[in-house]
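# Fold the following and give me the result.
(chains A and B)
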Amino acid sequence: MCMGVTLLCLGSIIYFITSRGFRVLSWGFLTQAPYAAMTKGGIAPVIVGTLYITLGAIIIALPLGLACAVYLCEYSPKSFVVNIIRISINNLAGVPSVVFGLFGLAVFVKFFGFGVSILSGSLTLGILALPMIISSAQEALLAVPQSIREASLSLGATKWETIRSIVLPTALPGILTGVILSIGRIAGETAPILFTAAAFYTRGYPKSIFSEVMALPYHIYALMTEGAHPEQQRMIAYGCSMVLLFMVLMISGIAIFLRQRQRSLHG
Amino acid sequence: MDNQVKMRAENVDFFYGKTQALKNVNLDVYAHKVTAMIGPSGCGKSTFIRLFNRMNELVPHTVLSGRIFLDDLEINSRLVDAVDIRRRVGMVFQKPNPFPKSIFENISYGLKVNGIKDRDFIEQKVEDSLKKAAIWGEVKDRLKDSALRLSGGQQQRLCIARCLAVETEVILFDEPCASLDPISTAKIEELILELKKDYSIVIVTHNMQQAARVSDYTGFFLLGELVEFGKTQEIFTAPRDKKTEAYITGRFG
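Next up, the predicted model:
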């Protein structure tokens, strides 16, 4: 029953988005820049913009999140302060994404003066991804059996050698799964980039990390709410939705594939 | 110098939180002998040998008092680095715990963390260690395979080889055959007798026949106390303590 409802929901989303999106989809749609007030051409710079912002966010969030998880799992004594940190991480995960957007505007765009740019957007999305990455990395680290940590230490390895050579490689697939899933999440986020990175239209491709960019989720929003040709724009919006949907599904697919492969290796 | 003391525990008390696990234990481990620790579950024998390579430090809220020596070095002194002790006192654990890496990497890891980089030396050492642990014949053609694909008995011998590669002076065996079948157990017992030439060995075991077969000295633990310690032959034929006699004749435990 539950499965039926779930499949029905997913199926109908894919059906409606694909059936409408397919009409505009073509090779040109994926490889050309838009022109004629968004009613002609493709969405290539938009896809590239999404990739840049997402990649930037992961480059920022992954080292931070991993370091944080390693500290919490392997080093920190179980103390009051650590509990506060854990609670903060959980709360951070519960903050609505539009709040992150406003935070990004206030801190990165204005205070640090990065302007509306890839950098600001990546930083904002990075903070959004941080709690997801920390908690999945923590889970992966906790799943590493204590016995192989002891084995490593008993051979005269230091704590850091044990973490670097034994614990992290063992936890890596779990960590990667978490990272990929959070990529899927942040690639589709609209609110955090609304004020920090996205523009309705830029000429050509972004030139530096300080450029404004077009990004898929915001592009869909903009096509549906702005512009002078709502009819043609709506079709393009469906096309964008389809591309975004399949990007995210593909990313999740990779995560599932990695997890399965790991299970069969350790099975 | 027949009975040279290799490790010595002096007035050792050990606590997990408020629970006292060891009460005033005094015991000598002799060089090039096998010392067995026997006793019922929860008597503190595993806790005791984990003090010899400072493994209990990994367990939070534990307190140790008393002194433990390796030769003349007091190993639980604050001035001594646990890493240095573990490079001299190796350990084989109850459950085989190979790293989820290849067979080769399992052995070479210990060498690498000990600062050895010479490829040829490492390869030679891996081969030697696997030979000494009587597993070379079974794995020599698949050194690149995951160690997790080996059987339980093979994994345990791999863990012994891993320990041998770092050339410690003492090896602690914590119930090494607990999860193994009789044939694998026999192989490991044979190995222990072989290793006596080069190492001082401490073995914790539930199995009294095993203690009788492999050890030169035996200590009997009960409720955190070392009830009796002496030559294995004497402990098993003429125990001085009533409780030891009751245990080895199978009246409890």
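# Next to chain A, which bits of the stretch 1-150 of chain B? Give me the list.
By Cβ under 8 Å from any Cβ of the partner chain, the residues of the stretch 1-150 of chain B that approach chain A are B:53, B:55, B:58, B:60, B:82-84, B:86-87, B:90-91, B:93, B:95, B:97-101, B:109-110, B:112-114, B:146, B:148. Placement of C-beta: from N, CA and C, glycine included.
# Apart from its chain neighbours, what residue comes closest to residue 35?
All of this refers to chain A. A:G41 (4.4 Å; Cβ to Cβ, 6 or more residues apart in numbering or on different chains).
# Correction: the question concerned chain B.
Spatial nearest neighbour of B:T35, excluding adjacent residues (Cβ to Cβ, 6+ apart): B:Y217 at 4.5 Å.
# same deal with A:P96?
Using Cβ to Cβ, 6+ apart, the nearest residue to A:P96 is A:A191, at 7.7 Å.
# What pLDDT is listed against that neighbour?
pLDDT recorded at A:A191 is 86.
# Please tell me I have it right and it contacts A:G104.
No - between A:A191 and A:G104 there is no contact under Cβ atoms under 8 Å: 9.8 Å.
# what about the residue nearest to A:P96, neighbour count?
A total of 20 residues lie near A:A191 under the criterion other Cβ atoms under 10 Å in any protein chain shown.
# From A:F200, how far out is it?
As judged by Cβ to Cβ, to the nearest Å, A:A191 and A:F200 stand 16 Å apart.
# A:F246 too?
Distance from A:F246 to A:F200, by Cβ to Cβ: 23 Å.
# Pull out the buried positions in the helix or strand B:V63 falls within.
Using DSSP states H and E, B:V63 maps to strand B:62-70. For strand B:62-70, burial by neighbour count (16 or more other Cβ atoms under 10 Å in any protein chain shown) applies to B:T62, B:L64, B:G66, B:I68, B:F69, B:L70.
# Which residue ranges of the chain form strands?
Let's take chain A. Applying DSSP state E to chain A gives strands spanning A:34-35, A:40-41.
# looking at chain B here, not the other one
Taking DSSP E as the criterion, chain B carries its strands at B:5-16, B:19-30, B:34-38, B:62-70, B:73-74, B:89-92, B:170-174, B:200-204, B:217-222, B:225-231.
# For the second one, which strands pair with it and how are they oriented?
It stands for strand B:19-30. In the sheet, strand B:19-30 lines up against strand B:5-16 (antiparallel) (DSSP bridges).
# Show residues contacting the partner strand.
B:20-31, B:44, B:47-48, B:51-52, B:56, B:59, B:61-71, B:89, B:169-170, B:200, B:202 (Cβ atoms under 8 Å, 6 or more residues apart in numbering or on different chains).
# Rounded mean pLDDT for it, please.
Rounded mean pLDDT across strand B:5-16 is 93.
# cool, stretch B:66-78 as well?
90.
# How about residues contacting it?
With Cβ under 8 Å, 6+ apart as the test, stretch B:66-78 has contacts from B:6-13, B:24-25, B:51-52, B:54, B:64, B:80, B:85, B:88-89, B:169-170.
# just the buried members of these?
With burial judged by 16+ other Cβ under 10 Å, the buried subset of the contacts of stretch B:66-78 is B:6-9, B:12, B:25, B:51-52, B:54, B:64, B:85, B:88-89, B:169-170.
# The residue nearest to A:Y35: neighbouring residues, count only.
With other Cβ under 10 Å as criterion, A:G41 counts 16.
# Report pLDDT for it.
Looking at A:G41, its pLDDT reads 72.
# residues contacting it?
A:G41 touches A:G28, A:Q32, A:A33, A:P34, A:Y35, counting by Cβ under 8 Å, 6+ apart.
# which one of those has the most neighbours?
Of these, with other Cβ under 10 Å as the count, A:P34 tops at 21 neighbours.
# What is the longest helix seen in chain A packed up against?
As assigned by DSSP state H, the longest helix anywhere in chain A is helix A:230-266. Judged by 3 or more Cβ pairs under 8 Å, 6 or more residues apart in numbering or on different chains; DSSP states H and E, helix A:230-266 is in contact with helix A:2-21, helix A:44-70, helix A:168-187, helix A:216-225.
# can you do 10 Å?
helix A:2-21, helix A:27-31, strand A:40-41, helix A:44-70, helix A:168-187, helix A:216-225 (3 or more Cβ pairs under 10 Å, 6 or more residues apart in numbering or on different chains; DSSP states H and E).
# buried ones in that helix?
For helix A:230-266, the buried set under the neighbour-count rule, 16+ other Cβ under 10 Å, comprises A:232-233, A:236-245, A:247-248, A:251-252, A:254-255, A:258-259, A:262.
# Which among the strands of chain B is found nearest to A:T18?
strand B:89-92 (58.8 Å; Cβ to Cβ).
# CA atoms only for that closest one - export them in PDB, please.
The C-alpha coordinates for strand B:89-92 follow below in PDB (Å, rounded to 0.1, in the frame of the first residue of the first chain):
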ATOM      1  CA  VAL B  89      54.300  -5.800  23.100                       C
ATOM      2  CA  GLY B  90      52.000  -7.200  20.400                       C
ATOM      3  CA  MET B  91      48.500  -8.600  20.700                       C
ATOM      4  CA  VAL B  92      46.300 -11.100  19.000                       C
END
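# quick check: mean pLDDT across that strand?
Mean predicted confidence for strand B:89-92 is 94.
# Name every strand pairing with it and say which way it goes.
Counting by DSSP bridges, strand B:89-92 is paired with strand B:170-174 (parallel).
# which residues does the residue nearest to the spatial centre of chain B contact?
The centroid of chain B falls nearest to B:L172 when counting by Cα atoms, centre = their mean (1.6 Å). Residues near B:L172 by Cβ atoms under 10 Å, 6 or more residues apart in numbering or on different chains: A:154, B:7, B:29, B:35, B:37, B:46, B:48-53, B:55, B:89-93, B:163, B:200-204.
# Quick one: name the residues of chain A near chain B.
A:77-78, A:144-159, A:161-162, A:165-166, A:169-170, A:262, A:265-267 (Cβ under 10 Å from any Cβ of the partner chain).
# Could I have the PyMOL command that selects the buried members from those residues?
A single PyMOL command suffices to select whichever of the residues of chain A next to chain B are buried according to 16+ other Cβ under 10 Å:
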select buried, chain A and resi 144+148+149+150+151+152+153+154+155+156+157+159+161+162+165+166+170+262
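# Just to be sure, which of the residues of chain A next to chain B are found in helices?
Among the residues of chain A next to chain B, the members found in helices (DSSP H) are A:146-154, A:159, A:161-162, A:169-170, A:262, A:265-266.
# Pull the contacting residues for the closest residue to chain B within the stretch 1-150 of chain A.
Going by Cβ to the nearest Cβ, chain B is nearest to A:S147 of the stretch 1-150 of chain A, at 4.0 Å. Listed by Cβ under 10 Å, 6+ apart, the contact set of A:S147 reads B:F93, B:Q94, B:K95, B:P96, B:N97, B:P98.
# same thing with A:A129?
A:54, A:57-58, A:60-62, A:64-65, A:122, A:178-179, A:181-183, A:185-186, A:189, A:192.
# which of these count as buried?
When the contacts of A:A129 are checked against 16+ other Cβ under 10 Å, the ones flagged as buried are A:54, A:57-58, A:60-62, A:65, A:122, A:178-179, A:181-183, A:185-186, A:189, A:192.
# who does the residue nearest to A:Y35 bridge with?
Judged by DSSP bridges, the bridge partners of A:G41 are A:P34.
# what does B:R8 give?
With DSSP bridges as the rule, B:R8 is bridged to B:D28, B:F69.
# Please apply the same query to the one 4 residues further on.
Partner residues in beta bridges with B:V12: B:V25, with DSSP bridges as the criterion.
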